[in-house]
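>>> Just need the structure, nothing else, for what follows:
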Amino acid sequence: MKLASIFKKKTEAKRADASEAAAPQTDVFQGTAKKRVSLARSRVAFVTVAFVAVYAVIGGRLVHYSLAKEDGTVARAAAPLTLARRPDIVDRNGAIMATDVRMMSLYADPSMITSADDVLEALKPIFPDLDVKRAYRLLRSRGEFVWLKRQITPRQQSQVLAAGVPGVGFRPEVRRFYPGGPEAAHILGLVDIDNRGLSGIERYMDKTDGISGLMGLGLTGSMGLKPFEVSLDLRAESIVRDTLVRGVEKFEALGATGIILRADTGEVVALASYPDFDPNNPPPASDKRMLNHAITGVYEMGSTFKLFTLAMGLESGKFNLQSMVDAKTPLYFGSSRIGDDHAQNRILTYPEVFTYSSNIGASRIAGAVGPDYQKNFLEKLGLLDRIETEIGGSGTPQKPQKWGGVFSATVSFGQGITTTPLQTAAAAAAIINGGKLMPPTFLPRTPEEADRAATRVISEDTSDKMRYLLRLNGTEGSGRNGQVPGYRVGAKTGTAEKIIDGKYAHDHNFNAFLAAFPMDDPEYVVLVTIDDPKKVEGVPGRTAAWNAGPMTGEIIRRTAPILGVDPDFGEDGNARLAAY
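The predicted model follows:
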């Protein structure tokens, strides 16, 4: 029994030792398995993080590229594939005057460029006007996107590709294109490198239609915005500009302006100021060609103001077409003398004051109605205050600090007061259209809309009589050189001496020729000015009748048919006028 007990105890001890020996081996195996699973999970997590980081970098660069300015700094958002476009600008007949064209621009990634010198050496022959110092600075910057050249030509793009320049690329953009070049440049205005309106109709369009905001969001590329229509007739605009260019060249003048205005609506059908510029390649803003003399320039308009003075006399009730005006002798105001260039030295009829362009007669009319009436009348015609148009930039008229005496006298014939050519044309339209002043506009306007915007300034009876006087002066007075057979043109000349070094210069003129047609039922007002024309061989003089007059006649002759005014060679058209 003892031996059996001892054997049993030994057997149990061996089993216990074996169990203890096996236990550590099992723990080691289980620990190794756990470590392997943990390591695998760590590797998967690492790979996932790596992929996320790589795509985050790529995404970040794409966003950075889309937010880059020309100088490489971050700017506003712009989707690289959704090009922000502007609506086309079209004339009253649908002809395109401004549109967008697709262009490419050259950019670089400085982080991918090892030698800025090598890149510039390759690019300089392709872009001779490249600002090398600026480009070198950008290429050595720490940014990842910089503009090198905006809006390059297809040929330049192919040359860059052929040169194999490392670290550069192309991005699509749009550029504003003006098919007519300088035609209507002062009216259409300009856009900046990012296609935002800076001046003219381009700026007006951004302000009123919210184009700038839409472009900033990159939305206009796919919105299909309808064309923006203006009141201009591109054909008439081209004719007016051509006439001004040839007139300035022929008469060796400093410049000229031309305006065609619809008498019944106030719409500007054509307006040109020469010298001008090509908006596709504009000069600096300080360049004199950028000045629109028809709207911004203010001038003494000379005897064209007698149109307003004689209308004032009739409207006041103090004169009629049968009135007599004393023009026998010059007028004196202290040391100031007012005389006539074509002195008749006699009493003139009211129409003769107009046809002989009598300064004395106009002064007497102004004196009879009084300075207060004169000032108020000119204010009603919009000649004393700055006017507003869609394109802005209007000049501010200069008027006498006090009215009466010599000041009222000189204003009566357009001296001592300045205004813009466009204001003069608008006031003339009111005189001959039945007496309604309409703010001039560069946008389409119906007769109904014009009536709502109009202000009556003279009676229909006074307007009828003034049409008669204009037609009479067109046939028997200084307006003869602006006549066009079949169109019954009424006209008034204005030759003003320019002020040079504070004094009136007798040998330097600013000339104007104001016309309307057909005078029995006027549809259009035409005004041409020419600055400092010279007397040339074959032309008897250098007053408005000999330069601005023929230029106006040429404009009417060429534009009347395309504006829908049919010639009438009969006498019936003059019947109503002849009644006076």
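>>> ok, residues contacting stretch 425-438?
Stretch 425-438 has contacts (CB atoms under 8 Å, 6 or more residues apart in numbering) with 259, 261-266, 304, 307-308, 311, 380-383, 387, 439-440, 450-451, 453-460, 462-463, 466-467, 470, 490, 514, 516, 519, 522, 525, 527. C-beta here means a position set from N, CA and C on the backbone, and glycine is covered the same way.
>>> Show me what the nearest residue in space to R241 that is not next to it in sequence is bridged to.
In this structure, R241 finds its nearest non-sequential neighbour in A272, 4.3 Å apart by CB to CB, 6 or more residues apart in numbering. Listed beta-bridge partners, A272: G258 (assigned using DSSP bridges).
>>> Spit out the contact partners of A272.
E183, A184, H186, E237, V240, R241, L244, T257, G258, A294.
>>> okay, those residues in JSON lines with pLDDT, neighbour count and distance to G538 next?
As requested, the contacts of A272 are exported to JSON lines (pLDDT from 0 to 100; neighbours: other CB atoms under 10 Å; distance: CB to CB, whole Å):
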{"residue": "E183", "pLDDT": "97", "neighbour count": "22", "distance to G538": "29"}
{"residue": "A184", "pLDDT": "98", "neighbour count": "29", "distance to G538": "32"}
{"residue": "H186", "pLDDT": "98", "neighbour count": "26", "distance to G538": "32"}
{"residue": "E237", "pLDDT": "98", "neighbour count": "25", "distance to G538": "29"}
{"residue": "V240", "pLDDT": "98", "neighbour count": "30", "distance to G538": "24"}
{"residue": "R241", "pLDDT": "98", "neighbour count": "24", "distance to G538": "24"}
{"residue": "L244", "pLDDT": "98", "neighbour count": "25", "distance to G538": "20"}
{"residue": "T257", "pLDDT": "98", "neighbour count": "28", "distance to G538": "24"}
{"residue": "G258", "pLDDT": "98", "neighbour count": "30", "distance to G538": "23"}
{"residue": "A294", "pLDDT": "98", "neighbour count": "26", "distance to G538": "28"}
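>>> Please flag which of those residues sit within strands.
In this view, the contacts of A272 that belong to strands under DSSP state E are T257, G258.
>>> Of the contacts of A272, which is the nearest to I562?
Within those, proximity to I562 (CB to CB) peaks at E237, which comes in at 11.1 Å.
>>> The closest one: what's it in contact with?
D91, G180, E183, A184, A270, L271, A272.
>>> and with 7 Å instead?
Contact analysis of E237 by CB atoms under 7 Å, 6 or more residues apart in numbering lists E183, A184, A270, A272.
>>> Name the residue closest to the centre of the protein, please.
G200 (2.2 Å; CA atoms, centre = their mean).
>>> and the residue nearest to R241, what pLDDT?
Note for A272: predicted pLDDT of 98.
>>> ok, it to E448 distance?
Distance of A272 to E448, given as CB to CB, to the nearest Å: 29 Å.
>>> Of the contacts of E237, which pair is most distant in space?
Pairwise distances across the contacts of E237 peak at 9.7 Å for E183 and A270 (criterion: CB to CB).
>>> quick one on the thing from earlier: skip the chain neighbours and tell me the closest residue to the residue nearest to the centre of the chain.
Spatial nearest neighbour of G200, chain neighbours left out: G189 (2.0 Å); criterion: CB to CB, 6+ apart.
>>> Can you give me the neighbour number for the one you found?
Around G189 there are 26 other residues, counting by other CB atoms under 10 Å.
>>> hmm, back to that, closest one to R480 out of the contacts of E237, please.
Within the contacts of E237, proximity to R480 (CB to CB) peaks at A270, which comes in at 23.7 Å.
>>> Just give me how far whatever helix or strand the closest one lives in sits from the chain centre.
If you go by DSSP states H and E, A270 is part of strand 268-274. Remark: strand 268-274 is offset 11 Å from the chain centroid, using CA atoms, centre = their mean, to the nearest Å.
>>> Give me the buried positions along that strand.
V268, V269, A270, L271, A272, S273, Y274 (16 or more other CB atoms under 10 Å).
>>> cool, stretch 494-512 as well?
G494, T495, A496, E497, K498, H508, N509, F510, N511, A512.
>>> And for the second one, nearest residue in space, chain neighbours not counted?
Here the nearest residue to T495 in space, its sequence neighbours aside, is T543; by CB to CB, 6+ apart that works out to 4.3 Å.
>>> The one you found - how many residues pack around it?
Neighbours of T543 under the rule other CB under 10 Å: 20.
>>> for it, what are its contacts?
Contacts here follow CB under 7 Å, 6+ apart; on that basis T543 touches T495, N509, N511.
>>> Now tell me what touches stretch 106-123 from outside.
Residues outside stretch 106-123 that contact it (CB under 7 Å, 6+ apart) are 130, 132, 135-136, 139-149, 152, 160, 163, 165-171.
>>> Just the ones in strands from the residues you listed, please.
Members of those lying in strands (criterion: DSSP E): V146, W147, L148, K149, I152, V168, G169, F170, R171.
>>> I'd say the third one and Y136 touch.
No. Taking contact to mean CB atoms under 7 Å, the distance of 10.7 Å between L148 and Y136 leaves them out of contact.
>>> More neighbours: the two, which one.
Counted by other CB under 10 Å, L148 and Y136 do not tie: L148 has more neighbours, with 25 against 14.
>>> pLDDT at K207, what is it?
Taking K207 on its own, its pLDDT is 88.
>>> For burial, what's the neighbour tally of it?
The number of residues packed near K207 is 12, by other CB under 10 Å.
>>> for the spatially closest residue to it that is not a sequence neighbour, what are its contacts?
Once flanking residues are discounted, K207 sits nearest to G197: 7.8 Å by CB to CB, 6+ apart. Neighbouring residues of G197 by CB under 7 Å, 6+ apart: G189, V191, R203, M205, D206.
>>> all helices of the stretch 251-400 of the chain, in order?
Here the stretch 251-400 of the chain has its helices, by DSSP state H, counting those that start in this stretch, at 306-316, 350-355, 359-369, 371-380.
>>> Name the next helix or strand following the lengthiest strand in the chain along the chain.
In the chain, taking DSSP E as the definition, the longest strand is strand 503-517. Sequence-wise, the next helix or strand downstream of strand 503-517 (DSSP H and E) is strand 524-531.
>>> Need the residues that contact that following strand.
Strand 524-531 is contacted from outside by 247, 251, 253-263, 421, 424-425, 428-429, 510-517, 547-548, 551-552, 555-556, 563, using CB under 7 Å, 6+ apart.
>>> Paired strands for that strand, with orientation please.
strand 255-262 (antiparallel), strand 503-517 (antiparallel).
>>> and the shortest one, how far from the chain's centre?
Looking back up the chat, that one is strand 255-262. Per CA atoms, centre = their mean, the centroid offset for strand 255-262 relative to its chain is 15 Å.
>>> can you pull the buried residues of that strand?
Neighbour counts over strand 255-262 (16+ other CB under 10 Å) mark G255, A256, T257, G258, I259, I260, L261, R262 as buried.
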